[in-house]
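Asker: Predicted model follows, preceded by the sequence.
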Protein chains: 2
Amino acid sequence: MVDGRPVRTGRRGVTIHDVARAAEVSIGTASKALNGTGHLRQETREKVLAKAQELGYRPNDLAQSLHRARSMTVGLLTNDSFGRFSFPIVEALEQKLADQGIAVFMCNATDDPEREKQHVEALMRKRIDGLVVTARRADKRPPIGPLPGVPIVYVYSQAEDENALCLIPDDEGGAMLAVQHLLSIGRRRIAHIAGPERFDAVRLRRSGYVRALSTAGISYDPSIYLNGPWSETWGRDAIAQLFSGSGPKPDALFCDNDQLARGASDALRDRGIAVPQDVAIVGFDNWDVMTLAARPQLSSIDMNLSTLGREAGEALIAIMGGKPMRGVRRLPCSLVIRESSKI
Amino acid sequence: MVDGRPVRTGRRGVTIHDVARAAEVSIGTASKALNGTGHLRQETREKVLAKAQELGYRPNDLAQSLHRARSMTVGLLTNDSFGRFSFPIVEALEQKLADQGIAVFMCNATDDPEREKQHVEALMRKRIDGLVVTARRADKRPPIGPLPGVPIVYVYSQAEDENALCLIPDDEGGAMLAVQHLLSIGRRRIAHIAGPERFDAVRLRRSGYVRALSTAGISYDPSIYLNGPWSETWGRDAIAQLFSGSGPKPDALFCDNDQLARGASDALRDRGIAVPQDVAIVGFDNWDVMTLAARPQLSSIDMNLSTLGREAGEALIAIMGGKPMRGVRRLPCSLVIRESSKI
DNA sequence: CTGAAAGCGCTTACAG
DNA sequence: CTGAAAGCGCTTACAG
């Protein structure tokens, strides 16, 4: 009890009023003590803190946000049916933001523009401070914004939005890494088992493949560049195409993902062709489920999705802090060498 | 302009004051019109709505939540490094909640108890209405709560918390489905390539395997029950163990996941043993990346993770609505038959 | 050093 | 049918 009134904590939980009453100060003073602001006697400050602790006081972020310009929340809009790619991005992003005391609303629109619109609307009502958009897409996506006062960062997704920042892997550079590596181990006839051409990434990787070859003085041979779906099955079928004819056979494969590489590797094994002795292989994604299970284990290009997520978080924080950023930023991939391309 | 004052929308966006001023009513009336509450003249209501639309008014959920008992947000705490399992759950859960106008805060604690504690603390300050905890774990996890006033649902995760609701797949039933199916196609010597024994799920599946066999009058033979890691490599190694000796060979395999099944299938192929003619296979997880790429495609047990996520959402909504639920609920798995166990 | 008061954006009895 | 006022839980000038 304090001055006759019980120190009650209403049905709705303990508020700053309860703390102030218990510490026998005004709520203004309690607020200052709790936030470490203003000039207070050390004694007062400690008393308030002690009472708050005792009562199990938890400040109400909703009330705070009403004053501060910022809600300390951001939205994360995803469209990815391939959770596999977004997961590392989202994980790193969330961690980065959580470290700064920023909470993340997750919204999955599963490629439905109507759901997407509703999500954005709901996020705006929640007064998010920023928005991250991620999605595996064949090509550029329509822009979300502009959202008055809310910066947008696209990650692993590119929008036709010149005012936003886009962070994506450097697909062309990644492909060059792969091909240069194969060249460096002495391969000269490098086939490219590619994904569907409608993907931006596929076209960029093709371009990297061609550039790396031409830099080495090797001209592009369309007969060993093959497009197909993103599956192991297509990887196996591609081997059938490449090795059935009577022409010269490839001595290396660059594959647009690890499933293609795995399929190709299995098909070569079936034909008694040795990897990497007869044919070296480099895949893309560095997906351990594939690379480590294949025999031999597969070299691969890593898109560094965690880095991408982390940098997206850092960029968003910077933008929210008043430092505008825009344009497309391509982050480097890296090469992970395993048995399939050693020696 | 209205009565001399410009209809300005402050730096912080347009508020209900702006709408009220534009519609020439009080903010109380504006509020009622906007919410469809109270008794208003049709004309007034429409005028307010029109002005709100015109000004691009978006109600501030933060302010609303201060009044209503509910913030219309829930927390989602994950600990899953295998994003693969949580993704379908989380996706279905989020969709279910979004349909009810409930937003989801994503928190990944990546198995760090300290991070987990901070996340929970942050969520409480955000005044979440509920919490969902998900994680792939070997065994029961320590309880999060109790959290005053905040119901908790564990999904794909079990806690030593008798006051909470836990939703998990019926592993034992799933295993029985698999084995009964193999029995139904005439197999009698069914090996079980299992995961690590420290997993609750592994012990339960073993029990389902044993029960299904014994119901069919077949006694459990420990020499064809093998534990190992969750990898394709172990699946292949297990085949070496099972088929190298001189004893009778299995005519079917039940594998604790699809990677094991895939590895086993590849190893059988290498030995010239035909699937399903010589050995039929059923895996677990129904993970298309594995089941569809294997030759032949793999039958598998589906844990119906989307259903699990959806039901977790429904349960949480029900509990938040005042209908308490507790205890462990095991949801049925289903069998998906493919070439590896046909005929 | 501390408190009273206004205000963040909204809702909801309560009068009229 | 509409408005004035109190209040949700907190912060922040402004006085004293």
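Answerer: That came through, no problem. Being a predicted model, the structure only gives us computed values, none of them experimental. Numbers count the residues shown, from 1 in each chain, chains lettered A, B, ... in the order given.

Asker: residues contacting A:P59?
Answerer: When contacts are counted by CB atoms under 8 Å, 6 or more residues apart in numbering or on different chains, A:P59 touches A:I16, A:L34, B:R125. C-beta coordinates here come from the backbone N, C-alpha and C atoms, glycine included.

Asker: can you list the residues that contact stretch A:169-176?
Answerer: With CB under 8 Å, 6+ apart, stretch A:169-176 has contacts from A:156, A:200-201, A:204-209, A:211-212, A:254, A:284, A:301, A:303-305, A:308, A:330-333.

Asker: redo that, cut-off 10 Å
Answerer: Stretch A:169-176 has contacts (CB atoms under 10 Å, 6 or more residues apart in numbering or on different chains) with A:156, A:177, A:192, A:194, A:199-213, A:215, A:254, A:256, A:282, A:284-285, A:300-305, A:307-308, A:329-335.

Asker: show me the contacts for the one residue in the stretch 201-343 of chain A that gets nearest to DNA strand C.
Answerer: Relative to DNA strand C, the nearest point of the stretch 201-343 of chain A is A:M320 (18.0 Å; CB to the nearest atom of the strand). Listed by CB under 10 Å, 6+ apart, the contact partners of A:M320 are A:R70, A:M72, A:V74, A:Q100, A:I102, A:D129, A:G130, A:V150, A:P151, A:V153.

Asker: wait, isn't A:I273 in contact with A:F243?
Answerer: Yes: using CB atoms under 10 Å as the test, A:I273 is close enough to A:F243 to be in contact (7.2 Å).

Asker: Between these two, which contacts overlap?
Answerer: A:K249, A:A267, A:V279.

Asker: I'd like the distance between the first one and A:Y156.
Answerer: By that I understand A:K249. 36 Å (CB to CB, to the nearest Å).

Asker: Looking at the two, which is more packed in?
Answerer: A:Y156 (27 against 14; other CB atoms under 10 Å in any protein chain shown).

Asker: per-residue confidence for the nearest residue to that one once chain neighbours are set aside?
Answerer: Using CB to CB, 6 or more residues apart in numbering or on different chains and skipping residues adjacent in sequence, the residue nearest A:Y156 is A:T134, 5.2 Å away. Looking at A:T134, its pLDDT reads 92.

Asker: Now for A:T134: which residues touch it?
Answerer: A:T134 makes contact with A:76-80, A:85-86, A:89-90, A:93, A:153-157, A:167, A:305, A:308-309, A:312, according to CB under 10 Å, 6+ apart.

Asker: Backbone torsions only: list them for it.
Answerer: Dihedral pair for A:T134: phi -130, psi 150, per degrees, to the nearest 10.

Asker: quick one: it from DNA strand C, how far?
Answerer: A:T134 is 29 Å from DNA strand C, where distance means CB to the nearest atom of the strand, to the nearest Å.

Asker: That residue and chain B: what is the separation?
Answerer: 13 Å (CB to the nearest CB, to the nearest Å).

Asker: Residues in a beta bridge with that residue, which ones?
Answerer: A:T78, A:V155 (DSSP bridges).

Asker: ok, it to A:C166 distance?
Answerer: Taking CB to CB, one finds A:T134 at 11 Å from A:C166.

Asker: anything in contact with each of those two?
Answerer: Common contacts of A:T134 and A:C166, defined by CB under 10 Å, 6+ apart, comprise A:V153, A:Y154, A:V155, A:Y156, A:S157, A:A312.

Asker: Can you give me the buried ones in the host helix or strand of the first one?
Answerer: Using DSSP states H and E, the element containing A:V153 is strand A:152-155. Of the residues in strand A:152-155, A:I152, A:V153, A:Y154, A:V155 count as buried by neighbour count, 16 or more other CB atoms under 10 Å in any protein chain shown.

Asker: Give me the average confidence score over the helix or strand that it is followed by.
Answerer: The helix or strand immediately downstream of strand A:152-155 is strand A:165-169, counting by DSSP H and E. The average pLDDT within strand A:165-169 is 95.

Asker: Please identify the buried residues of strand A:165-169?
Answerer: For strand A:165-169, the buried set under the neighbour-count rule, 16+ other CB under 10 Å, comprises A:L165, A:C166, A:L167, A:I168, A:P169.
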